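> missing the sequence, but the structure's below:
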Ligand SMILES: CC(=O)[C@@H](O)[C@H](O)COP(=O)(O)O
Ligand SMILES: NCC(=O)COP(=O)(O)O
């Protein structure tokens with residue numbers, strides 16, 4: 001099972017004072033040394049945390065970069081120029097505090113298809129950030145996305161039945177031939193039941209790790225998370 005460390009909120013702290021530190025790229029290096037298998041960064045349209053030059057520099061690291069982005073022409077253009085290892089299409093609303101739900105892959109199918117095709121033509125592995133529903137999984141398969149990332153926000157918010165819903169979605173996704181990732185709101189406390197779902201190949205975790213790093217350091221925070229993930233599996 002792989003761990004993708006999302007470095008967005010290193011940039012949040014940096015941007016608070018407009019300094020050059022803390023540097024998300026330095027954080028990415030520390031996370032990779034501590035056992036992260038890749039780096040995730042969400043270049044939001046409003047650039048509230050990760051900025052374009054962060055992405056350019058993260059792309060130079062010898063590790064897979066998962067570029068989270070809205071499904072817009074601007075971001076597709078950026079991605080096909082940058083050519084990261086992967087792109088994860090996520091919904092964005094400017095006024096949102098954080099990602100609130102999965103991509104509307106059912107109603108947005110016609111709009112998403114050309115963008116997904118363009119990213120795939122550029123050799124980028126496309127992932128769709130979706131709610132764990134059969135409809136979303138079937139739409140993702142129809143769109144030709146090889147990967148989905150299941151939104152674990154409701155699970156992290158202790159909504160009843162969410163773990164079972166995620167487990168069913170992961171199993172159905174694998175049956176549909178999709179690679180299954182998961183992320184959003186995962187912490188030391190809630191990660192193991194998700195990591196124990198056998199069909200899930202990768203977790204993307206950010207906010208909690210960067211928060212924990214303030215107290216124990218980023219390297220130890222990442223190492224403990226990875227250890228918890230791996231020990232959740234037989
Ligand atoms: C898509 C997702 O769940 C995370 O990448 C999240 O978007 C992190 O970025 P924000 O904290 O800005 O929402
Ligand atoms: N896609 C999930 C991600 O990259 C990190 O989400 P979070 O751990 O910051 O909530």
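Received the coordinates, thanks. Being a predicted model, the structure only gives us computed values, none of them experimental. Ligands and ions are numbered 1, 2, ... in the order given.
> is stretch 11-30 anywhere near ligand 2?
No - on the criterion CB under 6 Å from any ligand atom, stretch 11-30 is out of touch with ligand 2, staying 10.3 Å away. (Glycine included, C-beta is placed from N, CA and C.)
> also stretch 187-194?
No - shown here: stretch 187-194 not in contact with ligand 2 (CB under 6 Å from any ligand atom), separated by at least 8.3 Å.
> so does that stretch get close to ligand 1?
No - using CB under 6 Å from any ligand atom, stretch 187-194 never reaches ligand 1; the gap is at least 13.4 Å.
> start to end distance for that stretch?
Stretch 187-194 has its terminal residues 11 Å apart, counting by CA to CA, to the nearest Å.
> buried ones in that stretch?
Of the residues in stretch 187-194, 190, 191, 194 count as buried by neighbour count, 16 or more other CB atoms under 10 Å.
> residues contacting the residue nearest the centre of the chain?
Nearest residue to the geometric centre of the chain (CA atoms, centre = their mean): residue 204, 4.6 Å. Going by CB atoms under 8 Å, 6 or more residues apart in numbering, residue 204 touches 4, 5, 6, 40, 66, 88, 149, 181, 182, 183, 184.
> quick one: it is in a helix?
No - checked against DSSP: H, G, I helix; E, B strand; the rest coil, residue 204 lies outside a helix; its state is strand.
> ok, it to residue 134 distance?
22 Å (CB to CB, to the nearest Å).
> wondering if stretch 154-167 reaches ligand 1 at all.
No - judged by CB under 6 Å from any ligand atom, stretch 154-167 makes no contact with ligand 1; its nearest approach is 10.0 Å.
> residues of the chain that sit close to ligand 1?
So the chain meets ligand 1 at 6, 8, 42, 44, 68, 90, 98-99, 129, 183-184, 206-207 (CB under 6 Å from any ligand atom).
> no more questions from me, cheers.
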